[in-house]
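Q: below is the structure, and that's it, no one-letter string:
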Ligand code: NAP
């Protein structure tokens, strides 16, 4: 029987997931379809029950439902439980709904695809402490990153993640600005520079060190103000598209049991977003 998958969110029209997953099904000759579904918060529980009744094989979850979906699931993967957020739901063969979070692991895959695994002990500054940063912090820790500092406008949120990780430190944006040259890897997770909402980066990059690694998880535009400034200082640049593709590829693997062929996916999406492919240079 044809399998079907979805992504739910509000808004949802901008999502590139349907196109990416449907292209993978076509390439791999899989009889499946992936659809975007606009779900308002007040309808979430009903949509989950309807998906069950209609026999979905799984779905992705995006803003604003990543946390609020938890009570409607039967089981959580340990990483998703730690993060308190789910972006992938798998309907098991017994018909149970199991929640995973592939955002953080997707980021780590993208980072290491670009710069290898040899920087796991390097001082890393995570900028932001929102939902995405939380997932990334736990996934970095799970992958063996030992020297993580989190800077956030609201210091308590950074401190809460550090407390849960049981390691690392939380600092203010002002401290980050002053200590910028003590870090080697920078991971920018605030919406600064997104094409849809423009506030400047929360601090000055005057002290940005030369030869660092700069990753941004925003991918529209591909070159954010942060990456442009870091590039001028000779940094190795990792844009947010790799994270997006890898989080989708890991979800695909949970659903279908094999890896999709992502060769070409990043290049195709990069072209659509009007940029050069800078993920792997
Ligand atoms: P979120 O939970 O709302 O967190 C936003 C973060 O940005 C918080 O740390 C917040 O600080 C900070 N922030 C917001 N406005 C700010 C301002 N004016 N000045 C300073 N800091 C500010 O959002 P999220 O879910 O983590 O998503 C963050 C970004 O990542 C979004 O642009 C999203 O599109 C992108 N993203 C990309 C991928 C991918 O696959 N590439 C995946 C997930 C998310 P406070 O805590 O002080 O409010």
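A: Perfect, thanks for sending it. Given the structure is predicted, the values throughout are model-derived calculations rather than measurements.

Q: just give the closest residue to residue 157, not the sequence neighbours.
A: Counting by Cβ to Cβ, 6 or more residues apart in numbering, the nearest residue to residue 157 once its immediate chain neighbours are dropped is residue 129, at 4.0 Å. Bear in mind the C-beta positions are built from the backbone N, C-alpha and C, glycine included.

Q: contacting residues for the one you found?
A: 150, 152, 154, 157-158, 160-161, 170 (Cβ atoms under 8 Å, 6 or more residues apart in numbering).

Q: go with 6 Å
A: 150, 152, 157-158, 161 (Cβ atoms under 6 Å, 6 or more residues apart in numbering).

Q: ranking by neighbours, what's the top pick from the residues you listed?
A: residue 150 (29 neighbours; other Cβ atoms under 10 Å).

Q: report the secondary structure state of that residue.
A: Using DSSP: H, G, I helix; E, B strand; the rest coil, the structure places residue 150 in strand.

Q: for the nearest residue to it once chain neighbours are set aside, what are phi and psi?
A: Of all residues not flanking residue 150 in the chain, residue 158 sits nearest, at 4.0 Å (Cβ to Cβ, 6+ apart). Note on residue 158: its backbone torsions stand at phi -70, psi -40 [degrees, to the nearest 10].

Q: surely residue 223 is in a helix?
A: No: assessed with three-state DSSP, residue 223 is coil; it does not lie in a helix.

Q: could we number from 43 for the rest of this?
A: In the new count, where the first residue is 43, that last one comes out as residue 265.

Q: that one: neighbour count?
A: Neighbourhood size, residue 265 [other Cβ under 10 Å]: 19.

Q: please apply the same query to the one 10 residues further on.
A: Counted by other Cβ under 10 Å, the residues lying close to residue 275 total 14.

Q: thought residue 250 was touching it, still the case?
A: Yes: Residue 275 lies in contact with residue 250 (Cβ atoms under 6 Å); the separation is 4.9 Å.

Q: tell me where this protein has helices.
A: Using DSSP state H, the helices of the chain run over 59-69, 86-95, 120-125, 145-157, 173-185, 197-207, 215-221, 267-274, 283-298, 307-314.

Q: want to throw those into TSV with mean pLDDT and distance to residue 260?
A: Shown next, in TSV, are these (pLDDT from 0 to 100; distance: least, Cβ to Cβ, whole Å):
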stretch	mean pLDDT	distance to residue 260
helix 59-69	96	16
helix 86-95	97	26
helix 120-125	93	20
helix 145-157	97	12
helix 173-185	94	10
helix 197-207	97	19
helix 215-221	94	17
helix 267-274	89	8
helix 283-298	97	10
helix 307-314	90	14
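
Q: residue 114: which of those is closest?
A: Of all those, helix 86-95 sits nearest to residue 114, with 4.4 Å by Cβ to Cβ.

Q: for the closest one, packing partners?
A: Contact partners of helix 86-95 among helices and strands, from 3 or more Cβ pairs under 6 Å, 6 or more residues apart in numbering; DSSP states H and E: none.

Q: what about 10 Å?
A: Judged by 3 or more Cβ pairs under 10 Å, 6 or more residues apart in numbering; DSSP states H and E, helix 86-95 is in contact with strand 45-51, strand 74-80, strand 100-103, strand 130-133, strand 139-142.

Q: in stretch 136-144, which residues are buried?
A: Neighbour-count burial for stretch 136-144 flags 139-144 (criterion: 16 or more other Cβ atoms under 10 Å).

Q: got JSON lines for those residues, with pLDDT and distance to the ligand too?
A: What follows is those, written out as JSON lines (pLDDT from 0 to 100; distance: Cβ to the nearest ligand atom, whole Å):
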{"residue": "139", "pLDDT": "98", "distance to the ligand": "21"}
{"residue": "140", "pLDDT": "98", "distance to the ligand": "21"}
{"residue": "141", "pLDDT": "98", "distance to the ligand": "16"}
{"residue": "142", "pLDDT": "98", "distance to the ligand": "14"}
{"residue": "143", "pLDDT": "96", "distance to the ligand": "10"}
{"residue": "144", "pLDDT": "97", "distance to the ligand": "9"}
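
Q: just give me the closest of these to residue 119.
A: residue 142 (4.5 Å).

Q: who's in contact with that closest one?
A: Counting by Cβ atoms under 10 Å, 6 or more residues apart in numbering, residue 142 touches 100, 115, 117-122, 125, 128-132, 292-293, 296.
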